[in-house]
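**Student:** can you look at this prediction? I've put the sequence above it.
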Amino acid sequence: MTAAPDYFEDLGPARAAYQRLLGDDIAFRHWTDPGDLAEHDLVLPLLVWGYQRDCPRWFALLDQLEQQRIKLANPVSVLRWNSDKCYLLELEKAGVAVVPTLISAALTAEEIAEAAQKFGTDKLVIKPPISGGADGTFRLNPGDPLPDSIAGKPMLIQPFQPAIAEEGEYSLFYFGGTFSHAILKRPAKGDFRVQEFLGGSESGTDCPAGAQDLAVQARHAAEQILGTETLLYARIDMLRDAGGQFRLMELELIEPSLFFEHTADGGAMFAGAVAAQS
């Protein structure tokens, strides 16, 4: 499944990569109107970009696919759970080191002040629990007013991590439970968001010590929480805290960019994992 026809990002390169890896038998369907999927052996939601902009439709689609017993990879239960970043608290309870996170049901300036006191910093990152592409994500510095667009809405509050600008954000990729590759993403100067369309950049990298340990722990914890078998694909995003410890930022199990250009095999491991489930 792919993004809605009016989604602003160019799907062309990603579609071409999947076509190259999976062959001419694949079909692309917009997630907002996918039609009958029962005839397909396997459905991959890898390009459902923008689902966070129409959550009711997204969750209705997941309910429909589950009722119809459409075979998805990753499964519907995983997609539903991973849609809401409150999963970070579940992973934290399971012992995974995550970026410290507070949840607000209706964000207020008072909660911002309380979070700053709790975290010991007045530099904060605010983001919606259901989000993507940095939609609705803000960095608040001392004295900044609470933006009207997020006031009174459900939000996650996290301490700003200086490492995002100083070193960058690591992403590790696993296909069928096997490590494939890693990249390092950096934001544009003066920004904290790493997305390419916001000026961010990425490069292939070796995994620093401790990065794979956290990635494997986070992936296994998610599988245990969900009672699911090995995930077909997973992207684990992390950075270092002030003490140098890696902390999980996000566990991307729905529609992560997979950056095949930084793989040693051009994505053959991914294609093999898909073939094994088809």
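**Tutor:** That came through, no problem.

**Student:** what is the burial count for residue 236?
**Tutor:** Neighbours of residue 236 under the rule other C-beta atoms under 10 Å: 27. C-beta: built from backbone N, CA, C; applies to glycine.

**Student:** distance between the helix or strand hosting it and the chain's centre?
**Tutor:** According to DSSP states H and E, residue 236 maps onto strand 233-240. Remark: strand 233-240 is offset 8 Å from the chain centroid, using C-alpha atoms, centre = their mean, to the nearest Å.

**Student:** that one: partners in the sheet, and parallel or antiparallel?
**Tutor:** According to DSSP bridges, strand 233-240 has the following sheet partners: strand 169-175 (antiparallel), strand 246-252 (antiparallel).

**Student:** for that strand, buried residues please.
**Tutor:** 233, 234, 235, 236, 237, 238, 239, 240 (16 or more other C-beta atoms under 10 Å).

**Student:** and what of stretch 139-151?
**Tutor:** Those would be 140, 146, 150, for stretch 139-151 by 16+ other C-beta under 10 Å.

**Student:** spatially nearest residue to the first one, not counting backbone neighbours?
**Tutor:** Looking back up the chat, that one is residue 140. Counting by C-beta to C-beta, 6 or more residues apart in numbering, residue 140 lies nearest to residue 124, which is 4.8 Å off, once chain neighbours are set aside.

**Student:** what of the second one?
**Tutor:** Leaving aside its sequence neighbours, residue 146 sits nearest to residue 109 (C-beta to C-beta, 6+ apart; 4.9 Å).

**Student:** quick one: the one you found and residue 136, what's the gap?
**Tutor:** Residue 109 sits 17 Å away from residue 136, going by C-beta to C-beta, to the nearest Å.

**Student:** more neighbours: which of those two?
**Tutor:** When residue 109 and residue 136 are compared for neighbours, residue 136 comes out ahead with 18 against 10, by other C-beta under 10 Å.

**Student:** tell me the buried residues in stretch 172-189?
**Tutor:** Result for stretch 172-189 [16+ other C-beta under 10 Å]: buried residues 172-177, 180-187.

**Student:** give the residue spans of the chain that score low on pLDDT.
**Tutor:** For the chain, residues meeting the criterion pLDDT under 70 lie at 3-8, 193-195, 197-199.

**Student:** so which elements touch the top helix by length along it?
**Tutor:** Counting by DSSP state H, the longest helix found in the chain is helix 211-226. Applying 3 or more C-beta pairs under 8 Å, 6 or more residues apart in numbering; DSSP states H and E, we find helix 211-226 packed against helix 76-83, helix 87-93, strand 169-175, strand 178-186, strand 233-240, strand 246-252.

**Student:** for these, which one sits closest to residue 10?
**Tutor:** strand 178-186 (18.5 Å; C-beta to C-beta).

**Student:** distance from the chain centre to that closest one, please.
**Tutor:** Worked out by C-alpha atoms, centre = their mean, strand 178-186 lies 14 Å from the chain centre.

**Student:** turn the helices and strands packed on helix 211-226 into TSV, including distance to residue 25.
**Tutor:** Formatted as TSV, the helices and strands packed on helix 211-226 follow (distance: least, C-beta to C-beta, whole Å):
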stretch	distance to residue 25
helix 76-83	23
helix 87-93	33
strand 169-175	19
strand 178-186	23
strand 233-240	19
strand 246-252	26
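
**Student:** wait, doesn't the residue nearest to residue 146 sit right on residue 147?
**Tutor:** No. Counting by C-beta atoms under 8 Å, residue 109 stays clear of residue 147, with 10.8 Å between them.

**Student:** identify the contacts common to the two.
**Tutor:** Between them, residue 109 and residue 147 share no contacting residue under C-beta atoms under 8 Å, 6 or more residues apart in numbering.

**Student:** which residues in this structure form strands?
**Tutor:** 102-104, 124-127, 138-140, 155-159, 169-175, 178-186, 201-204, 233-240, 246-252 (DSSP state E).

**Student:** contacting residues around residue 130?
**Tutor:** 52, 55, 83, 84, 85 are the contacts of residue 130 under C-beta under 8 Å, 6+ apart.

**Student:** filter those to the buried ones?
**Tutor:** 52, 83, 84, 85.

**Student:** picking up where we left off before, wait, which of the strands paired with strand 233-240 is closest to residue 45?
**Tutor:** Judging the strands paired with strand 233-240 by C-beta to C-beta, what sits closest to residue 45 is strand 246-252, at 11.7 Å.
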